[in-house]
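A.B. asks: Dropping the sequence and predicted coords here.
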Amino acid sequence: MSGLDAFGLFAVTFCLICYALEDRSPWYILGFALACVLGSVYGFLQGAWPFGLVEAVWTVVALKRWWTTRAAAPA
C-alpha cells in the first residue's frame, strides 16, 4: 500500500466514522467536513478529479450543516 493509498483509506474511514456519529454533536459534522476536504485532496492527488470535485461539494454542504446546527444548538 502506497502512502497515497493509506491517506485515502484514512480520509474515507474518518469520513464514515464522523458521518455515523453526526447526531451526537455538531463537532462530528465539522469532522465530517474535514474528512471531505481530505477525501477531495486524495481524489485530486490520485487523478480522479470527479471524486475530488464531489468531495469538495460535500465539504461545503457539511460546513453549512455544521454552521446552522451549531447556531441552533442551546448554549
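C.D. replies: Nice, thanks for sending it over.

A.B. asks: low-scoring pLDDT stretches of the chain, where are they?
C.D. replies: 73-75 (pLDDT under 70).

A.B. asks: Return the distance of the helix ranked longest in it from the chain's centre.
C.D. replies: Counting residues, the longest helix in the chain under DSSP state H turns out to be helix 49-72. Relative to its chain's centre, helix 49-72 lies at 7 Å (Cα atoms, centre = their mean, to the nearest Å).

A.B. asks: ok, and for it, which residues are buried?
C.D. replies: Neighbour counts over helix 49-72 (16 or more other Cβ atoms under 10 Å) mark 51-52, 55-56, 58-59, 62-63, 65-66, 69 as buried. No exception for glycine: its C-beta is placed from N, CA and C like everyone else's.

A.B. asks: And for stretch 20-40?
C.D. replies: Across stretch 20-40, burial judged by 16+ other Cβ under 10 Å covers 22, 26, 28-40.
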